[in-house]
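**Q** I'd like to go over a predicted model; first the sequence, then the structure.
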Amino acid sequence: MSNNHSLDNPILAALTSVHAKHAVKKNNVLMYRPGTFIMVGATEISETTIKTLSELVPSEGFAGFMGFSPDMEPYFHQQAAIPAYQMVSETVPVYPEVDYEPLGIADVKEMMELVELTKPGSPFFPGMFELGKYIGVKKDGKLVAMAGERVKLDGYTEIALVCTHPEYRRKGYAAALSGVLMKEIIDGGENPFLHVMTHNVPAIKLYEKLGFKIRTEYIISAYRRA
C-alpha cells in the first residue's frame, strides 16, 4: 500500500505525533501501550518487523494493523482480516439532539458488555479513556448507546466504537453521538475519520448522511501471539 498520506498508515502517523506518549517502541516498530489499543505502527511489515513485534507482544497477546494484512507465522496467528472503508468528513453535520453524558471508569463494565453485544468491529479497552473522550446515552440508568474518540494524528481524530443496544435502535442515538463528536473535532480545527466494515450497509448510509465520504478501502487485521 502507498503511504503518501498520513491516513494511509494512521497508526504510525498517530504514534509519531499526537499519540506518541501512548507508544511503546522497539527498533522501527511502535504500538499502543498494553491496555489502550492493540494496533501497531510500522513503515513496512518485514521479517525483522515481525520478529521485533514478537518481542513486544507477550504470549497469547494481540497485535493489529490498519492497512496491512501480513503473513506473520510462526510468531503470530491471524484472528481476523476485515475489509473496511476509511471515511473522512470536513463538514459539521445536522444531527438529532439527544441527552447524553460523558462516560468514565465507572461505566467500563457496561461499555464492554455493549461492545460485546453489538460487535462494532473492535474491542473496548479501559485504557482507551486515555486516548480520547467517550459519550453515551443512558435509559433508566442503563447504557444503551455510546461513541468515542480513538486514534489521533496531526489534523485527524478517529470516531470509533459507535454502537447501540438492539432494543434501542432507530432512535437516532448513533447519529446524535457521532454528530456531537464530529462537531467538537471540527470546531477544534481537525477532521473526523472512522472505519466501517464494507458489508455494514446501514452504518455506511448513516455516516454518509452525516457527511462522511469514503476515502479508501483497506484491510484491518488482528493477530494472536503464538
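**A** Great, that's in hand.
**Q** alpha carbons only for contacts and neighbour counts from here, please
**A** Fine.
**Q** Now do the helices in the protein.
**A** Assigned helices in the chain, in chain order: 10-15, 47-56, 108-118, 173-187, 201-209 (criterion: DSSP state H).
**Q** can you list contacts of the first one?
**A** The reference is to helix 10-15. With CA atoms under 8 Å, 6 or more residues apart in numbering as the test, helix 10-15 has contacts from 6-7, 20-23, 30-32, 39-43, 65-66, 151-154.
**Q** Just the buried ones among those residues, please.
**A** The neighbour-count test (16 or more other CA atoms under 10 Å) applied to the contacts of helix 10-15 identifies 7, 20, 22-23, 30-32, 39-42, 65-66, 151-154 as buried.
**Q** Which of the residues you listed fall in strands?
**A** Among the buried ones among the contacts of helix 10-15, the residues falling in strands (DSSP state E) are 23, 30, 31, 32, 40, 41, 65, 66, 151, 152, 153.
**Q** Compile those into a markdown table and extend it with columns for distance to residue 199 and pLDDT.
**A** Shown next, in a markdown table, are those (distance: CA to CA, whole Å; pLDDT from 0 to 100):
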| residue | distance to residue 199 | pLDDT |
| --- | --- | --- |
| 23 | 31 | 97 |
| 30 | 30 | 97 |
| 31 | 28 | 97 |
| 32 | 28 | 98 |
| 40 | 24 | 97 |
| 41 | 26 | 95 |
| 65 | 19 | 96 |
| 66 | 17 | 95 |
| 151 | 23 | 98 |
| 152 | 25 | 98 |
| 153 | 27 | 98 |
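**Q** check contacts around the residue nearest in space to the middle of the chain.
**A** With distances taken as CA atoms, centre = their mean, residue 160 lies nearest the centre of the chain, 4.5 Å away. Residues near residue 160 by CA under 8 Å, 6+ apart: 147, 148, 149, 150, 194, 195.
**Q** now swap in residue 32 and tell me
**A** 15, 22, 23, 24, 38, 39, 40.
**Q** still on that earlier bit, among the ones in strands among the buried ones among the contacts of helix 10-15, which one lies nearest to residue 85?
**A** Ranked by distance to residue 85 (CA to CA), those are led by residue 66 at 10.9 Å.
**Q** Any idea what residue 153 is bridged to?
**A** Counting by DSSP bridges, residue 153 forms beta bridges with residue 156.
**Q** Distance of the most far-flung residue of the chain relative to its centre relative to residue 122?
**A** Distance from the centre of the chain peaks at residue 140, with 28.2 Å (CA atoms, centre = their mean). Between residue 140 and residue 122 the computed distance is 27 Å (CA to CA, to the nearest Å).
**Q** residues of stretch 117-129 that come out buried?
**A** In stretch 117-129, the ones that count as buried by 16+ other CA under 10 Å are 120, 121, 124, 126, 128, 129.
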